[in-house]
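Chemist: One predicted model, sequence on top.
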2 protein chains.
Amino acid sequence: MKSFKVALAQFSPHIGNIEANVQKMIEQANQAKKQNADIIVFPELSTVGYPAEDLLLRPSISKRTAQAFEQLHTVKDIVMVFGFVNTTEDGQRYNSAAVMKDGQVLGVYNKQNLPNYSVFDEKRYFNEGHQHLVFEYLGHKFGVLICEDVWSLQTVQQLAQLNVESVLVLNASPYEVGKPQHRIATLQELARQINIHLVYTNQVGGQDDLIFDGSSFVINNTGDVVLRAESYKEQVYFIDYEIENKAYKAVTTAPALDTMAEIYQALVMATRDYVERSGFPGVILGLSGGIDSALTLAIAVDAIGAEKVQAVMMPYTYTSQISVEDAAEQAKRMGVTFGIAEIHPIVNSFMQTLFPFFGNSPADTTEENLQARARGTLLMGLSNKFGNLVLSTGNKSELSVGYCTLYGDMVGGFAVLKDVYKTIVFELAKYRNSLSETPVIPERVITRPPSAELRPDQKDQDSLPAYDVLDAILYAYIEEDQSQDDIIAKGFDKDVVEKIIKLVDRNEYKRRQGAIGPRITSRAFSRERRYPIVNGWKAGV
Amino acid sequence: MKSFKVALAQFSPHIGNIEANVQKMIEQANQAKKQNADIIVFPELSTVGYPAEDLLLRPSISKRTAQAFEQLHTVKDIVMVFGFVNTTEDGQRYNSAAVMKDGQVLGVYNKQNLPNYSVFDEKRYFNEGHQHLVFEYLGHKFGVLICEDVWSLQTVQQLAQLNVESVLVLNASPYEVGKPQHRIATLQELARQINIHLVYTNQVGGQDDLIFDGSSFVINNTGDVVLRAESYKEQVYFIDYEIENKAYKAVTTAPALDTMAEIYQALVMATRDYVERSGFPGVILGLSGGIDSALTLAIAVDAIGAEKVQAVMMPYTYTSQISVEDAAEQAKRMGVTFGIAEIHPIVNSFMQTLFPFFGNSPADTTEENLQARARGTLLMGLSNKFGNLVLSTGNKSELSVGYCTLYGDMVGGFAVLKDVYKTIVFELAKYRNSLSETPVIPERVITRPPSAELRPDQKDQDSLPAYDVLDAILYAYIEEDQSQDDIIAKGFDKDVVEKIIKLVDRNEYKRRQGAIGPRITSRAFSRERRYPIVNGWKAGV
């Protein structure tokens, strides 16, 4: 028995790019060796990345994984614990961890608890393992678990009965608000209860709509948090196990982030990873003078730098002078390319072409949508010509009730605020402004009443309840699965609740065609709330 | 022991509308009683319909199901076997069948085999059952299975060992080409092997992207098919069990359809059910003079009637006179409203607005996309004003390689040909023309070389291989999961294969924002081929 050093590789994989991921794993292992680490622990499925979805079903996954093992054989003098897709000879597939040293596989663990709820579909891909893995190294007894396993008390207790001292937990645990703290609080209790040290390594990085925050940690069997990695940062962390204390020695740990900082940085990382890993040279977005596009611009600049961000203002008759001024002012403060493209001639040409069909039918949302679609087509034209990704700027509140135009303001490849309610948009804007002496978002953008400016003197609150009321109803219905009757019983106006729920239900078709965007809540629209479009479910009980 | 009569309710549920579904079940049960039926068998999950997706997770599902049972209690003098969501007191959820007579539940069966592959996600919603249900009625021993159960030899053999004479199989088995014949051929063999009569009732109707063909049947233990229901038709079928022969007595059965008839009728039903169940008064589509929109128009008319279909031709500089003539001619032959909207002024206004940004950069696909988006916006304007659903007209071949414009020709709520390869589009057009003396699609539309008409003298084959080659490569890559190397080894040109696969891989983002459309293959783009957008998987092995 002796002291030893563990490296936690808070690793950001490129999904599906096994060769590149393994190359980076080797570099991180060599870096750990230089720091005299004895063991390095990678996240769940680190070779292929999480979630690789149906790439896991491609027949060559086993051949590619075998090649990955060949590459990893070259690493010497350090124990590597990493995740991989384990295809057995009888064709079964497991979500597995390998323990490898000097090219020898010392043990393989197959994940026992496969989540198949929320954003997870692991039973589509994997079989369940039924056996624990325990290995002794440097006189210390290690167990291995993978993500969901550590949340099953039965699984953890079985492992504890094998006299394990430290459990290495490989994770790809997606972010949602408060999750970093929640994981630690729950597992502190567990470590104490079962008297085991926990080394928890999490994937970091954005993958499509999912954010992996990293936030890896080590908890001693006393429940003390002795290492806490920074969130949203790819880095290898180190910690020493001291034989004299039979415990890991605390290192300087990252402080927990305030909620708004936590969300803001999550959105920044998600945007950066999407843009860069999709190979776009930059982004373009429509700046309206409103708060959604203002916040999206700030996030984009923080993600990839002002020089890669282009903003376009596309005014029409109903666009107020204030909006034009504020948009220009923010673009100036943030140092991004800014252009103005009037859409009058385009809208007029549509109206003239449609006149023979429309006749004298009264104006309605059709004409509003034409404005939005003229703008969407302009942005896509600029995107097609110069290669920048269009960021769409809508928030979760408006996407919920369909206050957005399909093929209009919904155009884009990545919807930065897709899972951010409007009330949180305000908070995030204030948070971002608090970071610099000169607020990057002009104060007026935050304080004036929100408007889509698609009709004269239009205000969002003409047809919607105040955003705090709207968001409370949406939260109850979407996040908490409360029924219409339950929500009304909480004291909200009956007509308002009925209207809002009807709008949410009816706009599934719009959401289905919207861009993906980063998930920050426990019930995001995309892979997590799978509702049929044709749907006769009646609101009520 | 005596003779008896079984009713097979080939039932088309409205997903989620439990009250309406149950009302219809009661009507069908009463109709069966009038025909002196002793038992009526409904499809899988008939109360809520299949697939109800995350509606199954709403807390009130148990309360709603209890109400459904109350309604069904009113049916007397006939045994009803129907599907429902069984929520037990400990909060477990099962995909179940109830046997009910005179308001008494005689037995409940929980599905044992839960498919969680392809389009299925049943492990997201249900627990597995572990017990068989056998009931005796009129001296005959019945077993009950639900869909996937009958494809598990182990499950079926266990049931057979309980001396069951007839198995009632409740199904929601989605259509794909050849599936109706495949089910029967496989289960004929099974019935003979285990010496059991099979009564197979399938859901019918379109639900979002899934088609349920019905095609219910009865197979005697000799392997003889004694009842074969029509595909795509909601109807109650009857069959007599004759005690003297210990077998079901053959009734006139529907002939198997030719492949093109089978596909065509599937698309017609899917389109009708989507339009009607979404509550649209009619549909609108852009008619280009090309074969895709021509076929889509024919399907739309056959689905909902010419008087509910509006076609619009939107010519530009590159639109040939032939196209305008053929579009007008087809519209006339089919008796639909037809309008022409020139898009020159719109495209010009976009070009002028974009000129300060574009400068003298050479024309590329940007300008082509502007044409497509001008058309898309016009269609959406007409849809918004008059309420008709936009049908999009793209086929699977072009969606695979991204030869379509997001927010342009991809606009629409339902993409009728989304899962139909171009080579099949040609076959279907010929098939539809063969049905009437005057072909509804002008011959020239079928025979001239396909073109998007977005550039002067453009032909699809300028930048794509011939469609039979393209479709063969796509089929191997998408449907058969073959690798790039495998496909090249089959003799296809290396450069062509590499280009096609790269295009398929790169265009996931486009497909993700496309409209849903009916699934007819074994690997449709939507819920069945779940690929990450950010994806570093390298083509090759």
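Modeler: Cool, the structure landed. It should be emphasised that the depicted structure is a prediction, and the values quoted were computed from it without experimental measurement.

Chemist: For chain B, what's its nearest residue on the stretch 401-541 of chain A.
Modeler: Relative to chain B, the nearest point of the stretch 401-541 of chain A is A:G536 (2.7 Å; C-beta to the nearest C-beta). Quick note: C-beta positions are derived from backbone N, CA and C, even for glycine.

Chemist: How about that residue: what's its closest non-neighbour residue?
Modeler: Excluding its sequence neighbours, the residue lying closest to A:G536 (C-beta to C-beta, 6 or more residues apart in numbering or on different chains) is B:N17, at 2.7 Å.

Chemist: can you tell me how far that neighbour sits from A:I501?
Modeler: 16 Å (C-beta to C-beta, to the nearest Å).

Chemist: Can you name the residue of the stretch 151-300 of chain A nearest to chain B?
Modeler: The minimum distance from the stretch 151-300 of chain A to chain B, using C-beta to the nearest C-beta, falls at A:R277 (4.6 Å).

Chemist: where does the stretch 351-500 of chain A have low pLDDT?
Modeler: Counting by pLDDT under 70, the stretch 351-500 of chain A contains no low-confidence range.

Chemist: Which residues of it lie near chain B?
Modeler: Contact residues, the stretch 351-500 of chain A versus chain B (C-beta under 8 Å from any C-beta of the partner chain): A:352-354, A:356-358, A:361, A:364-366, A:369-370, A:373-374, A:376-378, A:380-382, A:384-385, A:406-407, A:411, A:413, A:481, A:483.

Chemist: same question, the stretch 51-200 of chain A
Modeler: Within the stretch 51-200 of chain A, the positions near chain B by C-beta under 8 Å from any C-beta are A:51-55, A:57-60, A:63-64, A:116-117, A:121, A:123-124.

Chemist: can we see that at 10 Å?
Modeler: Taking C-beta under 10 Å from any C-beta of the partner chain as the contact definition, the stretch 51-200 of chain A meets chain B at A:51-61, A:63-64, A:67, A:114, A:116-118, A:120-125.

Chemist: Need the buried ones from these selected in ChimeraX.
Modeler: Per 16 or more other C-beta atoms under 10 Å in any protein chain shown, the buried members of those correspond to this ChimeraX selection:
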select /A:51,52,53,54,55,56,57,58,60,61,64,67,114,116,118,120,121,122,123,124,125
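
Chemist: So which of the residues of the stretch 51-200 of chain A next to chain B sit within helices?
Modeler: The helices, defined by DSSP state H, take in A:61, A:63-64, A:67, A:122-125 from those.

Chemist: ok, which pair from these is furthest apart?
Modeler: A:Q67 and A:K123 (27.0 Å; C-beta to C-beta).

Chemist: and A:F84, how many residues sit next to it?
Modeler: Residues lying near A:F84 (other C-beta atoms under 10 Å in any protein chain shown) number 26.

Chemist: SS state for it?
Modeler: Classification of A:F84 using DSSP: H, G, I helix; E, B strand; the rest coil returns strand.

Chemist: That one contacts A:V99, doesn't it?
Modeler: No - A:F84 is beyond contact range of A:V99, at 11.4 Å (criterion: C-beta atoms under 10 Å).

Chemist: Identify the contacts common to these two.
Modeler: Residues touching both A:F84 and A:V99 by C-beta atoms under 10 Å, 6 or more residues apart in numbering or on different chains: A:V108.

Chemist: Report the contact partners of the residue of the stretch 401-541 of chain A closest to chain B.
Modeler: A:G536 neighbours (C-beta under 10 Å, 6+ apart): B:13-21, B:48-49, B:52, B:55, B:277.

Chemist: Sort out for me which of the residues you listed are in helices.
Modeler: Mapping the contacts of A:G536 onto helices (DSSP H) picks out B:18-21, B:277.

Chemist: can you confirm A:V504 is in a strand?
Modeler: No - secondary structure of A:V504 (three-state DSSP): helix, not part of a strand.

Chemist: Tell me how many other residues surround it.
Modeler: A:V504: 21 neighbours (other C-beta under 10 Å).

Chemist: Please, where are all the helices along the stretch 351-500 of chain A?
Modeler: For the stretch 351-500 of chain A, the helices defined by DSSP state H, counting those that start in this stretch occupy A:365-386, A:396-401, A:422-433, A:443-447, A:460-463, A:467-474, A:484-489, A:494-506.

Chemist: Just name the shakiest helix or strand of chain A by mean pLDDT.
Modeler: helix A:460-463 (a mean of 86; mean pLDDT, DSSP states H and E).

Chemist: buried set for that helix?
Modeler: Within helix A:460-463, judged by 16+ other C-beta under 10 Å, the buried ones are A:D460.

Chemist: If you count contacts, what does it end up packed against?
Modeler: Counting contacts by 3 or more C-beta pairs under 10 Å, 6 or more residues apart in numbering or on different chains; DSSP states H and E, helix A:460-463 is packed against helix A:396-401, helix A:467-474.

Chemist: Please parse chain A into its domains.
Modeler: Domain assignment for chain A by automatic domain parsing gives A:4-252, A:261-460.

Chemist: Can you give me the first-to-last residue distance of the longest one?
Modeler: Its first and final residues considered, domain A:4-252 spans 18 Å by C-alpha to C-alpha, to the nearest Å.
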